[in-house]
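Colleague: Turn this into a structure:
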Amino acid sequence: MAKRPDAIPTIEKITEEARFLLRTLLRDDLFGNTVALTEAEKLLEPSLSLGFADYCAFLKKGAYLAIDRTSNTVTVTERGRLISEGLDDPNFHTDIALHFASRVRGGESTRTAATPMRPPPLHTATKPGLAPVNEIAGRPAAANPDEDLIAERYVRYDAIGQGSLGTVYRGKDVLLGNAVAIKEVRHVFEFISYLSRDEIIRRLRREVIAQSSLEHPHVMPIHDVDFEITFPYLVTDYAQGGSLKERLFHAKVDGRSQTAIPVDVAMRYLMQIAYALDYAHAQGVVHANLKPENVLFDRMGNVKLTDFGLTRVTEKDSSQSAPVYVGVGAPSYMAPEQLHGQEPVGPAADVYALGIMLYEMLTGSLPGRRSPMPSAVNQEVPAHLDDLFDRMTRDQLDQRCQTMSDVLGHVYAKHPADRLVGRGALVLFQQDPLRAAAEEAAGSDAAQADGTSVEDDISDDSDLDMPVTDPRLKAPTEEDLK
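Modeller: Alright, predicted model coming up:
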């Protein structure tokens, strides 16, 4: 259950809950030898008066916990173990009192002084047969008074994912009744030491606005944001189909570790991602954070890319020393020029990351320096995909595929068309054919007027249709079409 905003704890309660958190993290029957932050947060968050991340920030600062942001795991230190066993350490009590001074009963608000408080709804009325309505704002209120209503519109439920910037929660738009995802940006403020809060907010705003400007069927739309509160949030569609990371994991659990994703399905995922990035690159937006966690799926099983550019939120300026914080972005999917901090990082970095994911989809594992080609691991993989993987993941930038158009061109030239689009598949235009024809005609008229010729600058694959469907959908039968 989400925490009510008026449930202000005491220092004694926070101290008790901090010990409880440490004891729980030490339970092998719950977590085993390795404790994933995401799993720990899902389990513990409902039992805590304050956020799980709040306690972790304090316990890490006091060396009671060690957090590895590369693997996204947490470990209780020997000092933390002693506290969990009831050691009466006066420093522990003092540190808690100082750290949570503004969060306890009688303390100041957790919002910054410059941030105005949202006025709480003065009254809610329930009409027969209808959801509770806020009589002042005219908006639905939370049906349950214990639910956490954000901005008088979104109810926040359980955590469904955690990254280096913050936590993603399942939520609901109570105005429209739609399921949404709410990403709360919190961890970045607690673990970044080399950027000011204002600079983090400025960068975050820039990247979120860039993604929001992308109108494409395979880019996750952003519906709402608030950068002015202590922990900013953004609201997107809820990805009912999960993530590519989850699909890879479940494929292995199902016993198909050598063919984690069927070849034809992997090719459709590849094309949907490539088309989305081809469009984004044309708008001047490079993802630079491509990894299976950021490849989400809608209810129909179609790709929705998210978290564009979030690696840039925590980048250091060239004048600064090496970062002390690691975790935004996955090194396994980063191109060499990105890992080495070379600027600018362009579309070829996204090509590299997609090539690594292609190998992982086809084989069930990440490639290493001496890994065999995909077809050597999975006999169902056609040989031409070995060549595509090789060209997408070369270390030397000038030897790598430079654009997503190059990737798509290879697929259309080498892969059987009937395995890409068939009955039961939805077909979308990559480019409006009527508008393109009208613009071409207008260009021809203008060229004739000034006596110049017009060259066709449309790429070979720009007029090809995009297959976008969940491969599990069945084609309609003749009976269905009657």
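
Colleague: mind listing the strands for the stretch 151-300 of the chain?
Modeller: For the stretch 151-300 of the chain, the strands defined by DSSP state E, counting those that start in this stretch cover 154-162, 166-173, 178-185, 222-226, 233-237, 295-297.

Colleague: May I ask you to name the longest helix in the protein?
Modeller: Under DSSP state H, the helix in the chain containing the largest number of residues is helix 263-282.

Colleague: tell me how far that one is from the chain's mean position?
Modeller: Centroid separation for helix 263-282 versus its chain: 17 Å, with CA atoms, centre = their mean, to the nearest Å.

Colleague: Tell me the buried residues in it?
Modeller: By neighbour count with 16 or more other CB atoms under 10 Å, helix 263-282 contains the buried residues 263, 265-281. In this view, the C-beta of every residue, glycine as well, is placed from N, C-alpha and C.

Colleague: Likewise for stretch 84-97?
Modeller: Neighbour-count burial for stretch 84-97, with 16+ other CB under 10 Å as criterion, is recorded at 84, 92, 95-96.

Colleague: For Ile150, the count of nearby residues, please.
Modeller: Ile150 is surrounded by 23 other residues when neighbours are defined as other CB atoms under 10 Å.

Colleague: Against Gly177, how distant is it?
Modeller: Using CB to CB, to the nearest Å, one gets 16 Å for the distance from Ile150 to Gly177.

Colleague: Leu270 - nearest residue in space that isn't next to it in sequence?
Modeller: If the residues on either side of it in the chain are set aside, Leu270 comes closest to Leu358, at 5.7 Å by CB to CB, 6 or more residues apart in numbering.

Colleague: what bits of the stretch 151-300 of the chain have low per-residue confidence?
Modeller: Low-confidence segments of the stretch 151-300 of the chain, defined by pLDDT under 70, span residues 164, 252-259.

Colleague: what do you get for the stretch 301-450 of the chain?
Modeller: 317-329, 343, 422-427, 436-437, 443-450.

Colleague: Tell me where it has helices.
Modeller: Using DSSP state H, counting those that start in this stretch, the helices of the stretch 301-450 of the chain run over residues 336-339, 347-363, 374-377, 383-392, 404-414, 433-450.

Colleague: Over to the stretch 1-150 of the chain?
Modeller: Taking DSSP H, counting those that start in this stretch to define them, one finds helices in the stretch 1-150 of the chain at 11-25, 28-31, 37-44, 52-61, 78-84, 90-99.

Colleague: got those helices as TSV, with distance to Asn378 and mean pLDDT columns?
Modeller: TSV is the format used below for the helices of the stretch 1-150 of the chain (distance: least, CB to CB, whole Å; pLDDT from 0 to 100):
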stretch	distance to Asn378	mean pLDDT
helix 11-25	39	89
helix 28-31	33	77
helix 37-44	29	84
helix 52-61	40	88
helix 78-84	44	89
helix 90-99	52	84
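
Colleague: Tell me which of those helices lies nearest to Ala159.
Modeller: In terms of CB to CB, the element of these nearest to Ala159 is helix 37-44, at 5.2 Å.

Colleague: List of residues touching the closest one?
Modeller: Applying CB atoms under 8 Å, 6 or more residues apart in numbering, the contact partners of helix 37-44 are 21, 24-25, 30-31, 52-53, 56, 67, 72-74, 158-159, 161-162, 167.

Colleague: what angle sits between it and helix 52-61?
Modeller: Between the direction of helix 37-44 and that of helix 52-61, the angle (axes from the mean of the first three to the mean of the last three CA atoms, to 10 degrees) works out to 120 degrees.

Colleague: buried ones in helix 37-44?
Modeller: With burial defined by 16+ other CB under 10 Å, the residues of helix 37-44 counted as buried are 37-44.

Colleague: possible to save those residues as TSV with distance to Ile11?
Modeller: Listed next are those as TSV, based on distance: CB to CB, whole Å:
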residue	distance to Ile11
Leu37	25
Thr38	28
Glu39	28
Ala40	23
Glu41	23
Lys42	26
Leu43	24
Leu44	19
